[in-house]
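**Student:** My questions concern the predicted model and sequence given below.
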Amino acid sequence: MSRELTVSLLNIDQAALTVSVLEPLAAYSKIDWALHVVLVDNGSRTDELAGLHNWVAANRDRFASVLFIASSKNLGVTGGRNLAFQLSSTDRLLILDNDLVLPADSTWLRELAHTMDRDAQAGIVAPMLVFADRPDTVQSTGIGLTSKGRVGYLNRNRDVATVAPDVVEVVAAPAACWLVRREAQQAVGLLSDAYYPMQYEDVDLCLRLRLAGWKTLCNPRVRIAHIENVTTRNLKEHPYARTAARQWMTFTEKWSEVLPQVATIPEDDISW
């Protein structure tokens, strides 16, 4: 019996990259998953939008359902993913960046689902992310925070083989690949618009889940390759470094009283 799952995917001027994520998802949907895709285009150029629209029109029947939302402006990561949260009717959602390199089969997805099945308090389950051009090198096994609210990617740049395979609870995980329990997300609300268009919105949601009694877990047995920041580094109206600094200030102002209690790494252990 197929398991139902809502998939959130965003695109802006990267139709070919987005299709490269949709293709393996379509293969999963054909075999053992009933995937309901919420695909949001965040104001792409006409040619990019047309290319993505044409692919969806030709491949819609490969999924349980596809909702293609073409926005005339950039809704940001926050707005685009919140649409999936609001429109989902399944008990779990798969949040994906469009710069992932997904495996050909869905074994990894079943493993994330089983991890969530085994822990009733798991609000988010994330994989180990590895570098797409260096698949034996860890990009992240979750996120640690300093007492000043700075983000550190756990085990970054370590050899994959040196990381223990045990499922671990982390303060947060990058939203490049999340399996989300809808009940948990509904308990704490949507991604905060304060972090439009991106940066720190995922950490903020994980922290809200943690304070409400839910867990963010990382299963390092699941390894997903991630190109990293393909879209966010090319938004001319939102320079990456400046946006990240502004969102960090927003985050630290909001959570200043909580950060000393949840900090897991010292300032000098930050890895990027």
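**Tutor:** Alright, I've got the coordinates.
**Student:** For this structure, name the helix or strand with the lowest mean pLDDT.
**Tutor:** Within the chain, no helix or strand scores below helix 240-255, which has a mean of 91 by mean pLDDT, DSSP states H and E.
**Student:** Please name every helix or strand in contact with that helix.
**Tutor:** Secondary-structure packing of helix 240-255 (3 or more C-beta pairs under 8 Å, 6 or more residues apart in numbering; DSSP states H and E): helix 201-211. In short, each C-beta sits where N, CA and C put it, glycine included.
**Student:** After the helix it packs on, which helix or strand is next?
**Tutor:** strand 215-226 (DSSP states H and E).
**Student:** In that next one, which residues are buried?
**Tutor:** By neighbour count with 16 or more other C-beta atoms under 10 Å, strand 215-226 contains the buried residues 215-226.
**Student:** thinking again about what came up before, the inter-axis angle of the least confident helix or strand of the chain versus helix 201-211?
**Tutor:** Angle between the axes of helix 240-255 and helix 201-211 is 20 degrees (criterion: axes from the mean of the first three to the mean of the last three C-alpha atoms, to 10 degrees).
**Student:** isn't residue 259 right next to residue 149, touching?
**Tutor:** Yes. Using C-beta atoms under 8 Å, residue 259 makes contact with residue 149 at a distance of 5.3 Å.
**Student:** quick one on the thing from earlier: for the least confident helix or strand of the chain, what is the distance to the chain centroid?
**Tutor:** Remark: helix 240-255 is offset 19 Å from the chain centroid, using C-alpha atoms, centre = their mean, to the nearest Å.
**Student:** just to revisit the earlier point, and the buried residues of strand 215-226 as JSON lines, adding distance to residue 160 and pLDDT?
**Tutor:** Output for the buried residues of strand 215-226, formatted as JSON lines (distance: C-beta to C-beta, whole Å; pLDDT from 0 to 100):
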{"residue": "215", "distance to residue 160": "23", "pLDDT": "98"}
{"residue": "216", "distance to residue 160": "21", "pLDDT": "98"}
{"residue": "217", "distance to residue 160": "18", "pLDDT": "98"}
{"residue": "218", "distance to residue 160": "13", "pLDDT": "98"}
{"residue": "219", "distance to residue 160": "13", "pLDDT": "98"}
{"residue": "220", "distance to residue 160": "8", "pLDDT": "98"}
{"residue": "221", "distance to residue 160": "11", "pLDDT": "98"}
{"residue": "222", "distance to residue 160": "12", "pLDDT": "98"}
{"residue": "223", "distance to residue 160": "7", "pLDDT": "98"}
{"residue": "224", "distance to residue 160": "12", "pLDDT": "98"}
{"residue": "225", "distance to residue 160": "11", "pLDDT": "98"}
{"residue": "226", "distance to residue 160": "13", "pLDDT": "97"}
